[in-house]
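Engineer: A predicted structure for the sequence below; I have some questions about it.
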Amino acid sequence: MLNESLVFGPFVSLDTFVIPHGGRYPIFFVGLLIYLFCVFCNLTLLSLIILRRNLHKPMYFILFSLPLNDLMGITAMLPKVLSDIVTETNQISYTLCVFQAFLLHLYGGGILFILAAMSLDRYIAICMPLRYSSVMTPRVVACIVALTWGLDFILITLLFSLQSRLPRCKSVIKNVFCDNPSLLKLRCGNTTVNNVIGLFATTVMQAISVSIQAFSYVKILITCVVTRRSDAKKKAINTCVAQLVIIIIFEVVSTFTILSHRFKNVSSDLQKIMGVLIFLISPFLNPLVYGLYTSEIRHTMLRVLQNRAFV
C-alpha cells in the first residue's frame, strides 16, 4: 500500500495493480495488443468516413466524433497504466495528472453527448424520412457536433477550474489513473462547492443524454410497430441496436464504478478494473459494432479490401 505520509511535491504517486513480477510482462503485452487494436480500428473508421464519398452523410459526420473521442480516452489512460505495470515507477507530474484527468472526463461526457446526437439523427431519419434532408442540413449537423463538444468542454472545464481555489497538500492518488475525485482528495479545505458542481455537471450530462435517447428510441420503437414494411423495421432495428448496446454497457460499468466507491466492502482492485474498463469498452466495441450493424460501413470496407486485393 502507498504511504499517505509521502512528502508533498511536484509529482503524485499512483496506486497501481498488485501484480506478481512474472505476470507483469504478459499483462503488458496483452494490454498493448488491445491498445493497438483499438487505435487501428478507430483510425480505420475515421479514414473510411473521410475518404469515401458515399459516407459523406449527416449520420457519419456525427459518427466521426465517436472514434475521435474513443482515441482520446484510451490514449489518455492505457499507455500510462501499461508503463506503470512494467516500470513500477507509479508516478506522474501533477500537471500531466490534471491533463490526463481532464481528457478522461471529456471522454466520458463525450460518449454521452455523441450517442445522444446519433440517436436524435436516427429518430429524424426513421420517423421523418421525407424531411430528413431538409432538417439535417450541413449547417444543422455542424451545430449539433459543435454543441456536443462545446457543452462537454464547458462542463468539464467548470469542474476542473474550481480546484484551483484550494491548496494542494497531498501527493498520493489511490487509483491507477488520475480523475477529478482523486485530484480533489489531494486538496485541503472545504470541497462542498466542488462536490455540488461535480454532481450538477454529472446530472446535466446524464439527464440530457438519457432524455434525448429515451425520446428518440421510444419514437423509433413506435414507428417500427406501426410500419408495415419489414425491410424498414429491420433497418431501423439494426441501426439502433448498435447504439443501445454501447450505451447500456457503458452506463452499467460506469454506474457500478461510481457506486462502488460508496461501499467499503468492495475490493479496491475490482474498482480499479472497472474504472479501466470504462475507457476500454467504447474504443474496443464501437468499431466492431458499427462495422457489423451499419451495412454501409461494412459494404464500404469490403469494397476497399477487394480493391486492394486486386491492385
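Structural biologist: Nice, thanks for sending it over.
Engineer: list the contacts for residue 137?
Structural biologist: Neighbouring residues of residue 137 by CB atoms under 8 Å, 6 or more residues apart in numbering: there are none. All C-beta atoms are positioned from the backbone trio N, CA, C, and that covers glycine.
Engineer: What residues of whichever strand or helix holds residue 275 count as buried?
Structural biologist: According to DSSP states H and E, residue 275 maps onto helix 268-293. For helix 268-293, burial by neighbour count (16 or more other CB atoms under 10 Å) applies to 271-272, 274-287, 289-291, 293.
Engineer: now it, how far from the centre of its chain.
Structural biologist: Offset of helix 268-293 from its chain centre (CA atoms, centre = their mean, to the nearest Å): 8 Å.
Engineer: Report all helices and strands that the following helix or strand past that helix contacts.
Structural biologist: Using DSSP H and E, the helix or strand that follows helix 268-293 towards the C-terminus is helix 295-309. Counting contacts by 3 or more CB pairs under 8 Å, 6 or more residues apart in numbering; DSSP states H and E, helix 295-309 is packed against helix 21-51, helix 268-293.
Engineer: tilt between helix 295-309 and helix 268-293?
Structural biologist: On the basis of axes from the mean of the first three to the mean of the last three CA atoms, to 10 degrees, helix 295-309 is oriented at 80 degrees to helix 268-293.
Engineer: Buried ones in helix 295-309, by neighbour count?
Structural biologist: 297, 300.
Engineer: try stretch 115-132
Structural biologist: Neighbour-count burial for stretch 115-132 [16+ other CB under 10 Å]: 115-127, 132.
Engineer: For the helices and strands packed on helix 295-309, give me JSON lines that also has mean pLDDT.
Structural biologist: Below are the helices and strands packed on helix 295-309 laid out as JSON lines (pLDDT from 0 to 100):
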{"stretch": "helix 21-51", "mean pLDDT": "89"}
{"stretch": "helix 268-293", "mean pLDDT": "81"}
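Engineer: now those helices in CSV, with distance to residue 152?
Structural biologist: Formatted as CSV, the helices and strands packed on helix 295-309 follow (distance: least, CB to CB, whole Å):
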stretch, distance to residue 152
helix 21-51, 18
helix 268-293, 14
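Engineer: which one of these lies closest to residue 154?
Structural biologist: helix 268-293 (21.7 Å; CB to CB).
Engineer: Out of the helices and strands packed on helix 295-309, the one nearest residue 106 is which?
Structural biologist: Between those, helix 268-293 lies closest to residue 106; by CB to CB that is 11.7 Å.
Engineer: how big is the angle separating that closest one from helix 21-51?
Structural biologist: 30 degrees.
Engineer: hang on, the earlier thing: nearest to residue 169, out of the helices and strands packed on helix 295-309?
Structural biologist: helix 268-293 (22.7 Å).
Engineer: Give me the helices and strands touching the closest one, please.
Structural biologist: helix 21-51, helix 65-87, helix 94-127, helix 230-260, helix 295-309.
Engineer: Against which helices or strands is the first one packed?
Structural biologist: This means helix 21-51. With contacts taken as 3+ CB pairs under 8 Å, 6+ apart, helix 21-51 sits against helix 58-63, helix 65-87, helix 268-293, helix 295-309.
Engineer: Dump those helices to TSV, plus distance to residue 16.
Structural biologist: Shown next, in TSV, are those (distance: least, CB to CB, whole Å):
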stretch	distance to residue 16
helix 58-63	35
helix 65-87	5
helix 268-293	8
helix 295-309	37
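Engineer: of the ones you listed, which approaches residue 21 most closely?
Structural biologist: When those are ranked by distance to residue 21, counting by CB to CB, first place goes to helix 65-87 at 10.7 Å.
Engineer: and the angle for that closest one with helix 268-293?
Structural biologist: Using the same axes, to 10 degrees, the inter-axis angle of helix 65-87 relative to helix 268-293 is 140 degrees.
Engineer: so for helix 65-87, what's the average pLDDT?
Structural biologist: Taken as a whole, helix 65-87 has a mean pLDDT of 91.
Engineer: okay, that helix in PDB with CA atoms only?
Structural biologist: Extracted in PDB, the C-alpha atoms of helix 65-87 (Å, rounded to 0.1, in the frame of the first residue of the first chain):
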ATOM      1  CA  SER A  65     -16.900  12.300 -33.400                       C
ATOM      2  CA  LEU A  66     -17.100   8.900 -31.700                       C
ATOM      3  CA  PRO A  67     -13.800   7.300 -32.800                       C
ATOM      4  CA  LEU A  68     -12.100  10.600 -32.200                       C
ATOM      5  CA  ASN A  69     -13.400  10.600 -28.600                       C
ATOM      6  CA  ASP A  70     -12.500   7.000 -28.200                       C
ATOM      7  CA  LEU A  71      -8.900   7.500 -29.300                       C
ATOM      8  CA  MET A  72      -8.600  10.400 -26.900                       C
ATOM      9  CA  GLY A  73      -9.900   8.400 -24.000                       C
ATOM     10  CA  ILE A  74      -7.900   5.200 -24.400                       C
ATOM     11  CA  THR A  75      -4.700   7.100 -25.300                       C
ATOM     12  CA  ALA A  76      -5.000   9.300 -22.200                       C
ATOM     13  CA  MET A  77      -5.400   6.300 -19.900                       C
ATOM     14  CA  LEU A  78      -3.900   3.000 -21.200                       C
ATOM     15  CA  PRO A  79      -0.300   3.800 -22.200                       C
ATOM     16  CA  LYS A  80       0.400   5.300 -18.800                       C
ATOM     17  CA  VAL A  81      -1.200   2.300 -16.900                       C
ATOM     18  CA  LEU A  82       0.800  -0.200 -19.000                       C
ATOM     19  CA  SER A  83       4.000   1.800 -18.500                       C
ATOM     20  CA  ASP A  84       3.500   1.800 -14.700                       C
ATOM     21  CA  ILE A  85       2.800  -2.000 -14.700                       C
ATOM     22  CA  VAL A  86       6.300  -2.600 -16.300                       C
ATOM     23  CA  THR A  87       8.400   0.100 -14.800                       C
END
